[in-house]
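A.B. asks: Structure for this input, please:
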Amino acid sequence: MAEMIFDDIGSFPLPAGKTKEWMAARFAEKKNDAELFGVINDAFMMKVEAGVEVPNYPQYQDMNEQFLSIIRDPDCTEEPFKVKTEDARIIELEAIESVARSYREEHGKKLDVRICVTGPLELYLRDFGGTEYVDILNVLAESIDRFVSNSLSSARDLNIRTVSIDEPSIGINPQVMFSDNDLIHAMDIACSSAKKAGCDVEVHLHSPLHYKLACQTENISVIGVESAATPSYLDLIDRKEVEDSDSFLRVGIARTDVFNLVAVLNEKYNTNVWKDRAHMEEIVTQMETPQLIRKRLEKAYAIFDESIRYVGPDCGLGSWPSQDMAAQLLRNVAEGLADFRRSL
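C.D. replies: Numbers count the residues shown, from 1 in each chain. The predicted structure follows:
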């Protein structure tokens with residue numbers, strides 16, 4: 001059996017007492033901040049301890065502004081929209097170097113880490129909407145590649161195993177005016193450094209409607225499918241198409257759409273579970289159980305077999321009510337995956 005790896009998408013709840021506004025103010029200073037780094041490190045280690053095999057650094061910034069705030073800064077660019085390599089920093093990666101160093105000293109090996117960068121189309125749509133300037137799309141792609149390249153060269157005590165390009169608008173946003181070839185070319189530019197470095201390169205899509213675009217790229221090897229909440233998404237994927245393009249899948253096997261999960265509890269108990277939280281834990285004790293997660297994986301594996309390279313939650317956990325609940329979901333995934341591996 002080919003290796004099947006447990007990774008996560010990135011976002012994670014904040015600890016009690018910390019707000020998004022507080023985090024945004026600290027990130028805006030773009031410097032090493034002990035308190036900010038402590039929040040990031042604690043969340044990251046919760047993922048590691050929950051059993052995530054290739055954890056993403058905790059994403060606590062707006063996925064667009066994390067990169068655009070630097071790309072728009074004239075002091076950080078060599079020409080419009082082209083970031084200087086030395087300024088293409090992912091602060092979260094710098095933050096987790098300290099806990100990665102401790103892990104390496106304790107375990108004698110580097111931690112495998114996943115990094116997620118916002119794709120060129122998503123950044124373009126934020127600033128330009130439904131216009132069509134292919135040259136700007138490609139410059140944004142080059143800037144994203146520089147964030148990846150700088151991260152790869154700066155990592156000392158961690159191993160960047162997986163690089164994910166986040167492109168939620170593909171297949172969903174009607175504003176997309178670019179041709180398929182333009183999108184394929186831009187995505188290839190954005191992850192060329194990751195491919196050269198030998199990383200697995202994922203694309204995270206919120207809809208698999210146009211997954212074949214990723215199959216046609218040279219540099220993307222793993223296509224993410226949010227199939228736990230929407231199992232029918234797997235029906236849209238042609239296994240032969242995936243195999244013929246030497247691609248693999250990342251299959252979502254745990255739901256992360258917490259608002260829909262809470263709605264089920266609201267109806268069950270005729271209450272507002274966000275206010276009356278007595279039943280909130282049922283999401284991870286009775287709904288998203290290791291047994292159900294294993295069954296989802298068994299179903300996906302029966303269809304795609306060794307074309308599945310990664311598994312994990314559908315999306316990020318940033319909107320979940322607490323860090324403890326988010327960590328429990330990750331533990332449930334780890335247990336479900338372990339049970340599945342034993343069954344083989």
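
A.B. asks: alpha carbons only for contacts and neighbour counts from here, please
C.D. replies: Noted.

A.B. asks: neighbours of the closest residue to Glu288 other than its chain neighbours, just the number please.
C.D. replies: Leaving aside its sequence neighbours, Glu288 sits nearest to Ala254 (C-alpha to C-alpha, 6 or more residues apart in numbering; 6.6 Å). A total of 28 residues lie near Ala254 under the criterion other C-alpha atoms under 10 Å.

A.B. asks: what sits against Ala254?
C.D. replies: Counting by C-alpha atoms under 8 Å, 6 or more residues apart in numbering, Ala254 touches 228-229, 288, 293, 312-314, 329, 333.

A.B. asks: now these in JSON lines, with pLDDT and neighbour count?
C.D. replies: Output for these, formatted as JSON lines (pLDDT from 0 to 100; neighbours: other C-alpha atoms under 10 Å):
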{"residue": "Ala228", "pLDDT": "97", "neighbour count": "26"}
{"residue": "Ala229", "pLDDT": "96", "neighbour count": "17"}
{"residue": "Glu288", "pLDDT": "98", "neighbour count": "21"}
{"residue": "Ile293", "pLDDT": "98", "neighbour count": "27"}
{"residue": "Gly312", "pLDDT": "98", "neighbour count": "28"}
{"residue": "Pro313", "pLDDT": "98", "neighbour count": "27"}
{"residue": "Asp314", "pLDDT": "97", "neighbour count": "25"}
{"residue": "Leu329", "pLDDT": "98", "neighbour count": "26"}
{"residue": "Val333", "pLDDT": "98", "neighbour count": "29"}
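
A.B. asks: can you tell me which of these are in helices?
C.D. replies: Counting by DSSP state H, these place 293, 329, 333 in helices.

A.B. asks: Can you pull out the low-pLDDT segments for the stretch 201-344 of the chain?
C.D. replies: Along the stretch 201-344 of the chain, segments meeting pLDDT under 70 are nowhere present.

A.B. asks: which residues of it fall in strands?
C.D. replies: Listed in chain order, the strands of the stretch 201-344 of the chain (DSSP state E, counting those that start in this stretch) span 222-225, 248-254, 308-313.

A.B. asks: Do a quick rundown of the helices in the chain.
C.D. replies: Applying DSSP H to the chain gives helices spanning 20-28, 34-50, 65-71, 91-107, 120-128, 134-154, 180-190, 192-196, 211-216, 239-244, 258-269, 282, 290-304, 323-343.

A.B. asks: just the ones in helices among the contacts of Ala254 now: which is nearest Leu344?
C.D. replies: Ile293 (15.8 Å; C-alpha to C-alpha).

A.B. asks: my read: that closest one touches Ala334, true?
C.D. replies: No - the criterion here is C-alpha atoms under 8 Å, and Ile293 misses it with Ala334 at 9.4 Å.

A.B. asks: Generate JSON lines for the contacts of Ala254, with distance to Ser98 as supplementary columns.
C.D. replies: JSON lines is the format used below for the contacts of Ala254 (distance: C-alpha to C-alpha, whole Å):
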{"residue": "Ala228", "distance to Ser98": "34"}
{"residue": "Ala229", "distance to Ser98": "35"}
{"residue": "Glu288", "distance to Ser98": "33"}
{"residue": "Ile293", "distance to Ser98": "33"}
{"residue": "Gly312", "distance to Ser98": "25"}
{"residue": "Pro313", "distance to Ser98": "26"}
{"residue": "Asp314", "distance to Ser98": "28"}
{"residue": "Leu329", "distance to Ser98": "26"}
{"residue": "Val333", "distance to Ser98": "27"}
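
A.B. asks: Can you tell me the closest non-neighbouring residue to Val284?
C.D. replies: In space, Val284 is closest to Leu329, 5.9 Å off (C-alpha to C-alpha, 6+ apart).

A.B. asks: same deal with Val48?
C.D. replies: The nearest residue in space to Val48 (C-alpha to C-alpha, 6+ apart) is Pro55, at 6.6 Å.

A.B. asks: What's the local residue count around the one you found?
C.D. replies: Pro55 has 26 nearby residues by other C-alpha under 10 Å.

A.B. asks: With just CA atoms, put stretch 78-94 into CSV.
C.D. replies: What follows is stretch 78-94, C-alpha atoms only, in CSV (Å, rounded to 0.1, in the frame of the first residue of the first chain):
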residue,chain,number,x,y,z
GLU,A,78,11.1,45.6,-7.0
GLU,A,79,8.3,46.5,-9.5
PRO,A,80,4.5,46.6,-9.1
PHE,A,81,3.2,43.4,-7.6
LYS,A,82,6.6,41.6,-7.7
VAL,A,83,7.8,41.1,-4.2
LYS,A,84,11.5,41.2,-3.3
THR,A,85,12.6,37.7,-2.4
GLU,A,86,14.1,38.8,1.0
ASP,A,87,10.7,40.4,1.9
ALA,A,88,8.6,37.4,0.9
ARG,A,89,8.3,36.2,4.5
ILE,A,90,5.8,33.9,6.0
ILE,A,91,6.0,35.0,9.6
GLU,A,92,4.2,31.9,10.9
LEU,A,93,7.1,29.7,9.6
GLU,A,94,9.6,31.9,11.4
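
A.B. asks: buried stuff in that stretch?
C.D. replies: Of all the residues in stretch 78-94, those buried under the rule 16 or more other C-alpha atoms under 10 Å are 81-85, 87-94.
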